[in-house]
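A.B. asks: Okay, predicted coordinates and the sequence, questions at the end:
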Amino acid sequence: MKTLYIHGLDSYPVPEKNQIMKDTGLTVVALHINYREKLGVYETLKDTAIRKKVKFIIGSSLGGYLGYWIAEDLGLPCLLFNPAMIYDDVFYSKIPAIEDPKCPSRYVVLGAKDKTLKPKDTIKFLKANKREDLNQQTITCEWLGHQIDYKTFDEMVNWAVNSLKLEKKYKIR
């Protein structure tokens, strides 16, 4: 399944995480974006997802925030690690109003020890934006901070991918 991986602020597509996604059977599209300087980040990522025929989005922190909105906009399932849902805009890129949100499945991984983003703020946002036609699952990892270690990343990518396979098998939605 072709997957758009969106890294966090001041980060980059880490080769080890790309390999974990590939080992899970995903074909990875990952751009390195300098969020502090790049104009039109949202538009660039959305255009990439469309051009590359992406079927799944994985994002972390600021990348999780962007992945949330692109998934809603394009109707794609997503896996979000500590998404930065408290942002109103992304430096030089405003998120357009999504009139018809259509993400079918959202898997969210939160770190209980995250000192950068408060998990309770993310949970509040997700509850306020829950829809009846959305399969949303959230896991709070008691050991996890803001950075996602490779073992947790591997486990959570496998969880989301296997859950999507089960959804398809049992036609859940």
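C.D. replies: Right, received. Where do you want to start?

A.B. asks: Which neighbouring elements make contact with the lengthiest helix in the chain?
C.D. replies: For the chain, the longest helix by residue count, based on DSSP state H, is helix 150-170. Other helices and strands packing on helix 150-170, by 3 or more C-beta pairs under 8 Å, 6 or more residues apart in numbering; DSSP states H and E, are helix 15-23, strand 56-60, strand 78-81, strand 105-111, strand 135-141. (Each C-beta comes from the backbone N, C-alpha and C, glycine too.)

A.B. asks: can you dump the C-alpha coordinates of the helix or strand bottoming out on mean pLDDT in the chain into CSV?
C.D. replies: Within the chain, no helix or strand scores below helix 150-170, which has a mean of 92 by mean pLDDT, DSSP states H and E. Extracted as CSV, the C-alpha positions of helix 150-170 are listed here (Å, rounded to 0.1, in the frame of the first residue of the first chain):
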residue,chain,number,x,y,z
TYR,A,150,11.9,2.3,16.7
LYS,A,151,10.3,-0.6,18.6
THR,A,152,7.1,1.4,19.3
PHE,A,153,7.1,2.8,15.7
ASP,A,154,7.3,-0.8,14.4
GLU,A,155,4.6,-2.1,16.7
MET,A,156,2.2,0.7,16.0
VAL,A,157,2.7,0.6,12.2
ASN,A,158,2.0,-3.1,12.3
TRP,A,159,-1.1,-2.5,14.5
ALA,A,160,-2.5,0.1,12.1
VAL,A,161,-1.8,-1.9,8.9
ASN,A,162,-3.2,-5.1,10.3
SER,A,163,-6.3,-3.3,11.6
LEU,A,164,-6.8,-1.8,8.1
LYS,A,165,-6.6,-5.3,6.6
LEU,A,166,-9.2,-6.5,9.1
GLU,A,167,-11.5,-3.6,8.3
LYS,A,168,-11.3,-4.5,4.7
LYS,A,169,-11.9,-8.2,5.4
TYR,A,170,-15.0,-7.5,7.6
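
A.B. asks: Run the angle between it and strand 135-141 for me.
C.D. replies: If you take axes from the mean of the first three to the mean of the last three C-alpha atoms, to 10 degrees, helix 150-170 sits at 160 degrees to strand 135-141.

A.B. asks: re earlier: for the longest helix of the chain, the distance to its chain's centre please.
C.D. replies: 13 Å (C-alpha atoms, centre = their mean, to the nearest Å).

A.B. asks: For that helix, give me every contacting residue.
C.D. replies: Applying C-beta atoms under 8 Å, 6 or more residues apart in numbering, the external contacts of helix 150-170 come out as 1, 16-17, 20-21, 23-26, 56, 58, 77, 79, 81, 105, 107, 109, 135, 137, 139, 141, 143-144, 148, 172-173.
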